[in-house]
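Student: Everything below, folded, please.
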Amino acid sequence: MKRKITAEGVSVPGAPFASAVAVDSGTVIYTSGFLARDSRTGVILHKGNAEQQTLECFDKIEKVLQAAGGTLADIVKMTVFLRNVSDYEAMNRARKSRLAGIDYASSTVIAGLAAADGLVEIECVAVVAGAVPS
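Tutor: Residues are numbered from 1 along each chain as shown. Coordinates of the predicted model:
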C-alpha cells in the first residue's frame with residue numbers, strides 16, 4: 001500500500017523518516033495538530049518536557065487513527081512544530097521510539113505555538129487500507 005522512496009544524494013543517512021512515501025491505494029486521513037493537552041481540562045501536560053509532550057501527541061494521534069481503522073504504521077507524512085530548536089533531539093528520541101520501522105515523510109518547523117506551555121505540536125497524514133468506519 002505504501003512504499004519508501006529514496007534517491008541518491010537526497011536521503012539523510014540514519015534519518016528516522018523517508019525522503020518520500022508513495023501510496024498506491026487507501027483512504028487518506030488528515031489529522032489536526034495535536035498538543036500534549038489534557039482532553040478534559042485543556043491544560044498542557046508535561047510542562048517543560050518536549051520528549052514527554054511528543055509521546056503524548058503520538059498517543060492522541062494513535063487513538064484518532066485507530067478510530068479510523070488504522071495505526072501509526074499508516075502515517076505517510078508528518079509535520080512537527082517545535083517552539084524551540086533546542087527541543088529537536090528530545091522530540092526525535094520520542095518519535096523514534098514510537099515510529100521505529102515505519103516509513104514516512106516528515107518536516108519540522110520552529111514556530112510559536114498557540115498554547116503557552118506547549119513545546120511540540122504534531123499533525124499527520126495517514127493512508128488506511130479499506131473503508132474507514134463512520
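Student: Going by C-alpha atoms from here, please, whenever you check contacts or count neighbours.
Tutor: Noted.
Student: What's the local residue count around residue 60?
Tutor: 17 (other Cα atoms under 10 Å).
Student: next one: residue 77
Tutor: Close neighbours of residue 77, defined as other Cα under 10 Å, add up to 20.
Student: Quick check, it in contact with residue 102.
Tutor: No: Residue 77 is beyond contact range of residue 102, at 11.0 Å (criterion: Cα atoms under 8 Å).
Student: where exactly do the strands run in the chain?
Tutor: 2-5, 20-23, 27-30, 75-82, 105-110, 120-128 (DSSP state E).
Student: Format the CA atom coordinates belonging to the first one as CSV.
Tutor: The reference is to strand 2-5. Presented in CSV, the C-alpha positions along strand 2-5 are these (Å, rounded to 0.1, in the frame of the first residue of the first chain):
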residue,chain,number,x,y,z
LYS,A,2,2.9,2.4,0.7
ARG,A,3,6.4,2.4,-0.5
LYS,A,4,9.5,4.3,0.8
ILE,A,5,11.1,6.4,-1.9
